[in-house]
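S.K.: Sequence and predicted model, in that order:
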Amino acid sequence: MKIYSKFLPETKLRAKLIAFLGLAFLVTISFMNSGGKSGLPQGDSDNGGLALPGDFEAVVVVDSIGRARHLAVNSNGDIYVKLRVPDAQNRGSVALRDNNNDGKADLVEYFGDYPDTGNYGTAMRIHKGYLYFSTAGEVLRTKLTPGKLVPEGKTETIVVDNYKRGKYSHIAKPITFDLKGNLYVPFGSPSDVCQVADRQPGSPGQFPCPELEEYGGVWKFSATKLNQKQSEGTLYATGIRSIVGMDWNKLDNSLYAMQHGRDDMYRSWSNIYSSWQSALLPSEEFLKVPEGSHSGWPYTYYDFMQGKKLMNPEYGGDGKKEAEPGKYNMPLIGFPGHFAPNDLLFYTGDQFPERYKNGAFVAFHGSTIRAPYPQGGYCVAFVPFVNGKFSSEWELFADGFGGVDTIVNTSDAKYRPMGIAQGPDGSLYLNDSEKGKIWRVMYKGDKKNFGTKQLAGMAARKLTSPNVKTPDPEKDNLMRGQLAAGSKLYNTYCASCHQQNGKGDGTRFPPVAESEWVNGDKKTLIELVLNGLSGPITVKGVGYNEAMPPHSYLKDTEIAQILTYLRSSFGNNASFVSPNEVARYRKK
């Protein structure tokens, strides 16, 4: 400071000192907020409830903005999210900004001046200065306004889909762009597996499948032409039942997609598949999608346990019969069934260790139809890119979204991972579809020494977490305890009328064995047990008049156990009943 005093008046020196100290203070605070690494905010002490590999941190950007779908992050760090359903003011998009780099959203603004019907908004992507997003029936865009959080340009319609002409299945519209500016949009199948009678056990598949003319594939459009109909696009690839996660890989200039596999195989084909096989099959397929390719739906499915593409039973399959070699596009990896892959992102940032460069992150929304085994998914996976190709093994990257150890019913999960986006600094953004929570995942460790030690915890979780691991056919069958308890309760409260063999007495009390009432609609059956019945009833073609008293005095758990036992005994073959379902239909 003596050096400065030779050249500067005292007042100027004092001003310089104050400015210098102020700058030092700001730098120190910034360093503290970033957790010791310049530019990155401090992670939450519990990582927002997430389990991550070692030296990764997560900060909750916002706790709840509504039922969020995909998200995108602009070059200045602003976040844009598409809501599945618009808010009360009919605004279907959300913009968020962090003003002080603490990782938390300081500004949260809802916007949208476009029709948003169909209950299935999905896509949110930034492309050449525009925000592109989708509803159930349209792909739209609006020009971003430099310096403004909310776009001020009018909304333009790029693609229009008259989805109401078919059934309301698989109508989500994720989007991606190639390096030439073309837009890619999938059109999901309106059925499960293109049967003559959709989702009816034993109904054969249609061959050739007529749906493939307009569904079950990806179409290419201009990214700038307005009001394009599907017929104006080009069918790029076919044989993919349903896509929600899709991305263009700039490294090899190719389209990649995650296929949602078909539904409950045990329900329709219990003579071929066990409930355990049905919980794990068919695989969710990670596909590289060349132009003109056919990935096999509805004729085939992929079995990750056998490592083979097999014929669906609707098309002559028996769980072993392989598809014709070379005819269909094979997956890079087959993930366990029903994990529900809802977003895909190739990591190109420099913040994470080299292991993650060019690898693929996949958000698994979580299953709904894995009973009687724990529901699976509810996590974010990672597929490394090694020596010019994707690994044949996947890793668990983020877990803990469910908030409970075992997810019995989908509604038990606190959060369900939905979207993935990369920030300008290489941070990874993840969001949830139930409440609209957003996490920012960061790495602050020594990138050069990242390896087995940091990965060990997540590798162990992959083998032990009920929502991720391969369930044991016996030990993880959630019906084991239900059946034992249900048998005891049935014999206590029901067998005196319906008999121990479930066949009734033939005159006063109807059979529960192979009964349409037991195997049919859950709601009707639950309400019957709760509220009782007086008056005539027909069971298996025979009329009965004896009254059945209400059993609402039993606990929800007890009724669920009785009905689960009934629906899986005495020749019955129907899905189990949960206490939550009983509570839903109980009269308050």
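M.R.: Received, thanks.

S.K.: going forward, measure contacts between C-alpha atoms and count neighbours the same way
M.R.: Fine.

S.K.: residue contacts, the nearest residue to Ala257 once chain neighbours are set aside?
M.R.: Excluding its sequence neighbours, the residue lying closest to Ala257 (Cα to Cα, 6 or more residues apart in numbering) is Met246, at 4.3 Å. With contacts taken as Cα atoms under 8 Å, 6 or more residues apart in numbering, Met246 has the following neighbours: 174-176, 255-258, 343-345.

S.K.: which regions of the stretch 351-500 of the chain sit below the pLDDT cut-off?
M.R.: For the stretch 351-500 of the chain, applying pLDDT under 70 flags no range at all.

S.K.: any chance you could map the strands in it?
M.R.: All strands of the stretch 351-500 of the chain, identified by DSSP state E, counting those that start in this stretch, fall at 360-364, 379-383, 385-386, 389-390, 395-398, 417-422, 428-432, 438-443.

S.K.: out of these, deepest packed?
M.R.: Sort those by mean neighbour count, taking mean count of other Cα atoms under 10 Å, and strand 417-422 sits at the top with a mean of 29.

S.K.: helices or strands up against it?
M.R.: If you count contacts as 3 or more Cα pairs under 8 Å, 6 or more residues apart in numbering; DSSP states H and E, strand 417-422 packs onto strand 68-73, strand 341-346, strand 360-364, strand 428-432.

S.K.: Next, the angle from the second one to strand 417-422.
M.R.: What it means is strand 341-346. Angle of strand 341-346 versus strand 417-422, following axes from the mean of the first three to the mean of the last three Cα atoms, to 10 degrees, is 10 degrees.

S.K.: List the neighbouring strands of strand 341-346 plus their orientation.
M.R.: Counting by DSSP bridges, the strands paired with strand 341-346 are strand 360-364 (antiparallel).

S.K.: Any chance of JSON lines for the helices and strands packed on strand 417-422, columns distance to Asp472?
M.R.: As requested, the helices and strands packed on strand 417-422 are exported to JSON lines (distance: least, Cα to Cα, whole Å):
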{"stretch": "strand 68-73", "distance to Asp472": "33"}
{"stretch": "strand 341-346", "distance to Asp472": "23"}
{"stretch": "strand 360-364", "distance to Asp472": "21"}
{"stretch": "strand 428-432", "distance to Asp472": "29"}
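
S.K.: Any idea which of the strands of the stretch 351-500 of the chain gets closest to Ala513?
M.R.: strand 360-364 (38.7 Å; Cα to Cα).

S.K.: Tell me which of the helices and strands packed on strand 417-422 lies nearest to Ser496.
M.R.: Per Cα to Cα, nearest to Ser496 of the helices and strands packed on strand 417-422: strand 360-364, 47.0 Å.

S.K.: Contacts for the closest one next, please.
M.R.: By Cα under 8 Å, 6+ apart, the list of residues contacting strand 360-364 from outside reads 245, 339-347, 377-385, 416-420.

S.K.: Repeat that for stretch 128-144.
M.R.: The list of residues contacting stretch 128-144 from outside it, by Cα under 8 Å, 6+ apart, reads 82, 84, 116-126, 150-163, 171-175.

S.K.: Work out the gap between that stretch and the centre of the chain.
M.R.: Chain-centre distance of stretch 128-144: 22 Å, with Cα atoms, centre = their mean, to the nearest Å.

S.K.: Renumber starting at 11 from here on
M.R.: In the new count, where the first residue is 11, that last one comes out as stretch 138-154.

S.K.: and of the contacts of Met256, the nearest to Cys507?
M.R.: Met268 (51.3 Å).
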